[in-house]
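1. Sharing a model prediction with you, sequence too.
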Amino acid sequence: MTRRVIIDTDPGLDDAVAILFALNSPQFEVIGLTTVAGNIGIERTTTNAGGLLAAVGRCDIPVFSGAATAMARDSIDAIVIHGDDGLRGVTLPPPVVAAQAGAVDWLAATLMAAPSGTIDILALGPLTNIAQLINHHPAAAGRIGQLVAMGGTIFEPGNAGPASEFNFASDPEAVAVVLHSDIRTTIVPLDVTRRVRAGRDYVEALRGSPAGAIAADLLTGYLQDDRQSRPLHDPCVMLLALEPTLFTLEVHRLTVNLGDDADAGALTRSDHGSPVVVAMQVDAAGALALLASAFG
């Protein structure tokens with residue numbers, strides 16, 4: 001069955017690979033991209049989203065720019081990982097169709113126009129757009145089929161603070177809004193994503209199609225030591241949405257650190273927390289095989 005999805009994203013190298021996978025997978029019908037500041041500022045994430053669509057001839061899919069800042073604090077970025085352009089120098093064509101403003105309003109209108117539960121959201125960046133949707137359009141947010149979001153960590157050390165992950169540290173208040181909502185939510189934390197990494201031979205083998213060549217270029221820029229990539233965080237969202245049996249899912253009751261310390265955005269398991277489905281283990285070999293299958 002084809003899944004109708006909206007991708008909320010801040011491309012970003014691994015975001016870009018995740019988007020290409022979704023566009024190349026017949027099981028997904030991508031009906032729009034909404035952008036958020038995260039890995040880099042909103043203008044660049046929006047341009048990168050449009051460039052990806054242009055590169056694979058999918059200019060029928062609209063792009064809507066969203067939140068440029070976090071809900072209640074200064075933004076952070078990951079330029080040190082993704083480069084000033086977000087793509088480590090990988091050149092994409094300019095967007096063919098200009099992005100439109102108003103991601104949250106478009107999300108609300110699209111969800112209200114579709115049968116309830118028939119559109120999923122795959123969230124690859126900070127959850128600011130989704131939290132604003134919940135706050136300003138609760139009826140529309142309640143019509144989301146499921147939300148799968150990359151973010152957080154349970155047992156793994158953090159990558160933004162000692163126990164905090166970048167996406168959730170970027171907007172802890174948004175995380176709290178989402179986890180306290182009634183949206184059916186699954187999070188994909190560092191506990192899983194750090195297990196999924198691509199070696200150089202794997203990356204080169206992707207060059208069997210135009211989209212695969214772009215993915216290989218992106219992952220080459222993502223190689224950590226010229227042999228193995230950094231964790232493929234965001235592709236894991238698409239892989240879980242498509243094949244959840246590759247993952248071990250558990251329900252944890254979670255609270256979010258809303259302080260101003262180094263671990264803002266960190267998750268804590270607590271009897272008083274909100275119940276959330278969390279991916280805790282992954283068949284890494286199976287995940288990599290599924291990812292490669294879209295680029296054959």
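-> All right, it came through fine.

2. give me the number of residues near residue 246?
-> 21 (other CB atoms under 10 Å). For the C-beta atoms, the positions are set from N, CA and C on the backbone; glycine is no exception.

3. typed the wrong thing, it's residue 227
-> 10.

4. quick one: it and residue 99, what's the gap?
-> Separation of residue 227 from residue 99 (CB to CB, to the nearest Å): 36 Å.

5. In the stretch 151-296 of the chain, what residue spans correspond to strands?
-> Applying DSSP state E, counting those that start in this stretch to the stretch 151-296 of the chain gives strands spanning 185-188, 247-256, 267-269, 274-282.

6. Generate CSV for the ones you listed, with distance to residue 166 and mean pLDDT as supplementary columns.
-> Conversion of these to CSV gives the following (distance: least, CB to CB, whole Å; pLDDT from 0 to 100):
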stretch, distance to residue 166, mean pLDDT
strand 185-188, 13, 98
strand 247-256, 14, 98
strand 267-269, 13, 97
strand 274-282, 17, 98
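
7. just these: most buried one?
-> strand 185-188 (a mean of 25; mean count of other CB atoms under 10 Å).

8. Remind me what that one packs against, helices and strands.
-> Applying 3 or more CB pairs under 8 Å, 6 or more residues apart in numbering; DSSP states H and E, one finds that strand 185-188 contacts strand 144-150, helix 235-242, strand 274-282.

9. Next, format these as TSV and append distance to residue 161.
-> Formatted as TSV, those follow (distance: least, CB to CB, whole Å):
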stretch	distance to residue 161
strand 144-150	17
helix 235-242	21
strand 274-282	19
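
10. which helices and strands does the helix or strand encompassing residue 18 pack with?
-> Element membership of residue 18 [criterion: DSSP states H and E] is helix 13-24. Applying 3+ CB pairs under 8 Å, 6+ apart, one finds that helix 13-24 makes contact with strand 3-9, strand 28-35, helix 42-55, helix 210-221, helix 235-242.

11. tell me the angle of that helix relative to strand 144-150?
-> Helix 13-24 and strand 144-150 are oriented at 140 degrees to each other (axes from the mean of the first three to the mean of the last three CA atoms, to 10 degrees).

12. which of the helices and strands packed on helix 13-24 sits most buried?
-> Across those, averaging neighbours per residue (mean count of other CB under 10 Å) puts helix 235-242 on top, at a mean of 26.

13. mean confidence score for it?
-> The predicted model assigns helix 235-242 a mean pLDDT of 98.

14. So residue 164 sits against residue 265, correct?
-> Yes: using CB atoms under 8 Å, residue 164 makes contact with residue 265 at a distance of 4.6 Å.

15. Tell me which of the strands of the stretch 151-296 of the chain lies nearest to residue 74.
-> strand 247-256 (17.5 Å; CB to CB).

16. Mind checking the strands of the stretch 151-296 of the chain for the one nearest to residue 51?
-> Residue 51 sits nearest to strand 185-188 of all these, at 25.0 Å, using CB to CB.

17. quick one: strands adjacent to the closest one?
-> Here strand 185-188 is paired, per DSSP bridges, with strand 144-150 (parallel), strand 274-282 (parallel).

18. Show me the shaky parts of the stretch 151-296 of the chain.
-> Within the stretch 151-296 of the chain, no stretch has pLDDT under 70.

19. can you rerun that using 90?
-> Where the stretch 151-296 of the chain drops to pLDDT under 90, the residues are 208, 224-227, 296.

20. Repeat that for the stretch 1-150 of the chain.
-> 1, 39, 75-89, 91.

21. State the distance from the closest residue to residue 90 other than its chain neighbours to residue 52.
-> Leaving aside its chain neighbours, residue 90 sits nearest to residue 217 (4.9 Å; criterion: CB to CB, 6 or more residues apart in numbering). Residue 217 sits 12 Å away from residue 52, going by CB to CB.

22. for residue 268, same thing?
-> Taken as CB to CB, the span from residue 268 to residue 52 is 36 Å.

23. re the thing from before, so for residue 164 and residue 265, which sits in the more crowded spot?
-> residue 265 (32 against 27).
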